[in-house]
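Asker: need a structure here:
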Amino acid sequence: MCLIVFQWQPQQPQWLTLAANRDEFFQRPTAVLQPWDSHPHMIAGRDLEAGGSWMGMAAGLRFAAVTNIRRGQPETAPRSRGKLVAAFLQGQDSPATYIGQLQQRAHEYGRFNLICGDRQQLWYLRNFPDIRVEQLPAGLYSLSNAELNSPWPKAELARQQLQTWLQENRTNKLSPAESGWQLAQLLDHQQPWPDDQLPDTGVPLEWERWLSAQFIRAPGYGTRSGSSLLGIHQQLGITELAFDEQADIHSRQQYWQPSTPG
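Answerer: Residues are numbered from 1 along each chain as shown. Predicted structure coming up:
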């Protein structure tokens with residue numbers, strides 16, 4: 001993922017509300033959201049080049065998502081950051097145990113932000129510019145290609161969009177399934193931000209402009225999917241809308257564990 005916004009409220013019936021966009025080169029082979037043949041209890045999209053994932057959920061109300069940290073040109077690393085999501089969802093360790101073990105070898109992966117959790121706890125780990133580990137208290141968070149809650153314009157807008165959506169949903173009372181579809185389309189702002197509001201991440205200015213949008217449309221690169229995670233009582237749902245290079249939807253997927261709410 002490249003932009004995530006979420007409300008974490010572990011003491012509330014609706015304990016997780018998350019919307020995210022994944023940005024990637026269109027030539028990179030990808031499988032849409034689905035159960036994995038090798039681990040059918042895990043539901044996630046799949047990067048067919050490196051074998052990992054950017055976001056997913058698994059039995060036991062477990063979920064995880066990762067973003068890269070942008071600092072100049074992409075770096076090479078011994079291990080793909082997408083494997084972090086897959087390893088947590090395929091395993092049985094608690095989020096605290098997984099994060100505790102991972103921080104000892106976090107430097108082996110490309111620059112990343114990782115969140116992983118379950119019904120009781122949610123943890124954050126980054127590996128650049130230094131190791132930061134935090135168990136997240138209840139609150140509203142944004143995560144892009146810098147550290148947690150960095151005030152990038154598109155991330156600040158995402159916080160406003162989610163707050164507005166939450167307020168409106170208290171009145172509209174959408175079903176969980178409908179909420180999942182709406183959240184997957186929440187981060188839809190396609191306009192770049194003015195130059196004086198752009199972050200400086202070490203990429204050329206033209207790319208800094210393209211990448212400043214929430215929904216990116218750049219040559220050969222862009223927002224390939226919008227996704228959501230919704231935790232309500234003892235159920236967790238994941239939704240994905242996959243986009244082509246013209247920003248048209250070519251796949252719609254939604255799954256719930258352990259069953260589909262009404």
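Asker: Would you check that residue 103 makes contact with residue 130?
Answerer: No. Using C-beta atoms under 8 Å, residue 103 makes no contact with residue 130, being 11.0 Å away. For every residue, glycine as well, the C-beta is placed using N, CA and C.
Asker: Specify which residue of those two has the higher count of neighbours.
Answerer: residue 103 (15 against 6; other C-beta atoms under 10 Å).
Asker: how about that one, what does it touch?
Answerer: Counting by C-beta atoms under 8 Å, 6 or more residues apart in numbering, residue 103 makes contact with 125, 131, 133.
Asker: And the pLDDT for it?
Answerer: For residue 103, the pLDDT comes out at 93.
Asker: just curious, which of the contacts of residue 103 is nearest to residue 177?
Answerer: Ranked by distance to residue 177 (C-beta to C-beta), those are led by residue 125 at 31.3 Å.
Asker: tell me the contacts of that closest one?
Answerer: 99, 102-103, 106, 113-114, 131-134.
Asker: And for residue 95?
Answerer: Here residue 95 is in contact with 62, 88, 116-118, 121-123 (C-beta under 8 Å, 6+ apart).
Asker: Now list the buried members of these.
Answerer: Among the contacts of residue 95, those classed as buried by 16 or more other C-beta atoms under 10 Å are 62, 88, 116-118, 122-123.
Asker: which residue ranges form the strands in this protein?
Answerer: Along the chain, counting by DSSP state E, strands occupy 3-8, 14-25, 30-36, 39-47, 55-58, 62-68, 112-117, 122-126, 132-135, 139-143, 217-218, 221-232, 235-243, 249-257.
Asker: a markdown table for those strands, including distance to residue 163 and mean pLDDT?
Answerer: Below are the strands of the chain laid out as a markdown table (distance: least, C-beta to C-beta, whole Å; pLDDT from 0 to 100):
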| stretch | distance to residue 163 | mean pLDDT |
| --- | --- | --- |
| strand 3-8 | 8 | 98 |
| strand 14-25 | 10 | 97 |
| strand 30-36 | 26 | 97 |
| strand 39-47 | 27 | 96 |
| strand 55-58 | 21 | 98 |
| strand 62-68 | 20 | 97 |
| strand 112-117 | 19 | 98 |
| strand 122-126 | 19 | 98 |
| strand 132-135 | 22 | 97 |
| strand 139-143 | 7 | 98 |
| strand 217-218 | 26 | 96 |
| strand 221-232 | 16 | 98 |
| strand 235-243 | 20 | 98 |
| strand 249-257 | 24 | 97 |
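Asker: Which one of those lies nearest to residue 183?
Answerer: strand 221-232 (3.5 Å).
Asker: Could you list the alpha-carbon positions for that closest one in PDB?
Answerer: Coordinates of each C-alpha in strand 221-232 appear next as PDB, following Å, rounded to 0.1, in the frame of the first residue of the first chain:
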ATOM      1  CA  TYR A 221       2.500   3.800 -12.800                       C
ATOM      2  CA  GLY A 222      -0.500   4.500 -10.700                       C
ATOM      3  CA  THR A 223      -3.100   3.500  -8.200                       C
ATOM      4  CA  ARG A 224      -3.900  -0.200  -9.000                       C
ATOM      5  CA  SER A 225      -6.300  -0.900  -6.200                       C
ATOM      6  CA  GLY A 226      -8.400   0.700  -3.500                       C
ATOM      7  CA  SER A 227      -9.100  -1.500  -0.500                       C
ATOM      8  CA  SER A 228     -10.700  -1.500   2.900                       C
ATOM      9  CA  LEU A 229     -10.700  -3.500   6.200                       C
ATOM     10  CA  LEU A 230     -13.700  -3.400   8.500                       C
ATOM     11  CA  GLY A 231     -13.800  -5.000  11.900                       C
ATOM     12  CA  ILE A 232     -17.200  -5.300  13.600                       C
END
